[in-house]
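Asker: Provided below are the primary sequence and the corresponding predicted coordinates.
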Amino acid sequence: MINDNIVLSIIEINGDQVRIGIEAPSNVSIYREEIYESIKQQNQHAIEFNVEIKGILNGLARQKKN
């Protein structure tokens, strides 16, 4: 159990592989580690892109005023 609403279960053991079942509310996001890291990286790129675009737009607004 994790908190009061997430249940982890061992579904199958086959040699050195283990299948795990997860029961959780639909509002809880569950990702494999490599997918989670990819999402974090994409979010960071989006933040950097937004900051860059904001700088460009601010520069254009300053040019327009002059």
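Answerer: Looks like it arrived, so ask away. Numbers count the residues shown, from 1 in each chain.
Asker: on the three-state scheme, residue 31 is what?
Answerer: Classification of residue 31 by DSSP: H, G, I helix; E, B strand; the rest coil places it in coil.
Asker: how about the residue nearest to the spatial centre of the chain, nearest residue that isn't a chain neighbour?
Answerer: Most central residue of the chain, judged by C-alpha distance to the mean C-alpha position with Cα atoms, centre = their mean, is residue 39 at 3.9 Å. Distance criterion Cβ to Cβ, 6 or more residues apart in numbering; nearest residue to residue 39, sequence neighbours excluded, is residue 31 at 6.8 Å. Bear in mind the C-beta positions are built from the backbone N, C-alpha and C, glycine included.
Asker: go ahead and confirm that neighbour touches residue 24.
Answerer: No - with contacts counted by Cβ atoms under 8 Å, residue 31 stays clear of residue 24, the gap being 11.9 Å.
Asker: the two - which one has more neighbours?
Answerer: Taking neighbours as other Cβ atoms under 10 Å, residue 31 and residue 24 compare with residue 24 leading, 14 against 11.
Asker: go ahead and confirm residue 1 touches residue 7.
Answerer: Yes - the criterion here is Cβ under 8 Å, and residue 1 meets it with residue 7 at 6.0 Å.
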